[in-house]
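Undergrad: any chance you could fold what I've pasted below:
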Amino acid sequence: MRTHEDRYQKDQEKLDLAINMIQLNARTCVIRQWTGLSDDRIRKLVKFYGAAGKAKPLRHRGRSPTLSPLKSSNLDTRQQAHLLSGIFVASGLMNDPHRSASPYRRLHFGKEFCQAYWWFIKIEGAPSISFEHALVLWQQIAQRTDVALKRCPRCQALSITRRYGYAKAYCDHCSALLAPIKLDG
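TA: Down below sits the predicted model:
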């Protein structure tokens, strides 16, 4: 490779990350934070890759979510959150404690996060946790303020529990299995 071709590599990485995030239905503000591209450039990428693909990508509008998937009353959503946290651990996203300080400026983190979310989609099929909700979950776990990762004493599965206050002894799956069966009488 010649030296003058090297100067465009970072720009190409930004565009690749932006296109990957567009395919994952990320909001424009998140794409802008992670890549540094302008809103206009992101809209043009959405327009181009929406027309080039068979289906137009779903574009979320408004502010990014701040509510964690763990707060959901839906057991499937909470189990997906546990699965996603396991993928985060397996992919190495939880290893570096300094990533929680400024993850938006790192293209490498963005690539790893998108790859982990793609694995989550492949495993789950049609997940109920969006890209931004996955980011909120990662931030909660990485900051180690409210929640902690631990192994279930019954099945040894990785689960997310509250750090302070009342924490369940078992994961959601084991709790549902051990719950007394109510008979209609």
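Undergrad: quick one, helices of this protein?
TA: If DSSP state H is used as the criterion, the helices of the chain fall at 9-23, 28-35, 39-52, 75-90, 107-124, 131-143, 172-178.
Undergrad: same for the last one, what does it pack against?
TA: Taking 3 or more CB pairs under 8 Å, 6 or more residues apart in numbering; DSSP states H and E as contact, the helices and strands that helix 172-178 lies on are helix 75-90. C-beta: built from backbone N, CA, C; applies to glycine.
Undergrad: give me the residue at the spatial middle of the chain.
TA: Nearest to the mean C-alpha position of the chain, counting by CA atoms, centre = their mean, stands Ala134 at 2.8 Å.
Undergrad: my guess is that one meets Tyr117, correct?
TA: Yes: the pair Ala134 / Tyr117 is scored as a contact, 5.6 Å apart, by CB atoms under 8 Å.
Undergrad: for the protein, which residues score under the pLDDT cut-off?
TA: Along the chain, the parts satisfying pLDDT under 70 run over 1-7, 50-73, 96-105, 163-168, 172, 179-185.
Undergrad: the domain parsing of it - what is it?
TA: When the chain is parsed with automatic domain parsing, its domains come out as 3-52, 69-178.
Undergrad: can I get the helices of the chain in JSON lines including distance to Leu158?
TA: Listed next are those as JSON lines, based on distance: least, CB to CB, whole Å:
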{"stretch": "helix 9-23", "distance to Leu158": "26"}
{"stretch": "helix 28-35", "distance to Leu158": "26"}
{"stretch": "helix 39-52", "distance to Leu158": "35"}
{"stretch": "helix 75-90", "distance to Leu158": "5"}
{"stretch": "helix 107-124", "distance to Leu158": "14"}
{"stretch": "helix 131-143", "distance to Leu158": "11"}
{"stretch": "helix 172-178", "distance to Leu158": "12"}
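Undergrad: and these: which comes nearest Gln156?
TA: Gln156 sits nearest to helix 172-178 of all the helices of the chain, at 10.2 Å, using CB to CB.
Undergrad: what's the closest one in contact with?
TA: With contacts defined as CB atoms under 8 Å, 6 or more residues apart in numbering, helix 172-178 is touched by 75, 78-79, 82, 152, 154-155, 157, 159, 168, 170.
Undergrad: among those residues, who's most crowded?
TA: For the contacts of helix 172-178, neighbours were counted using other CB atoms under 10 Å, and Ser159 has the most, 24 neighbours in all.
Undergrad: what about the nearest residue to that residue once chain neighbours are set aside, neighbour count?
TA: Residue nearest to Ser159 in three dimensions, not counting chain neighbours: Cys171, with 3.8 Å by CB to CB, 6 or more residues apart in numbering. Neighbourhood size, Cys171 [other CB under 10 Å]: 24.
Undergrad: my read: Cys171 touches Ala157, true?
TA: Yes: using CB under 8 Å as the test, Cys171 is close enough to Ala157 to be in contact (5.5 Å).
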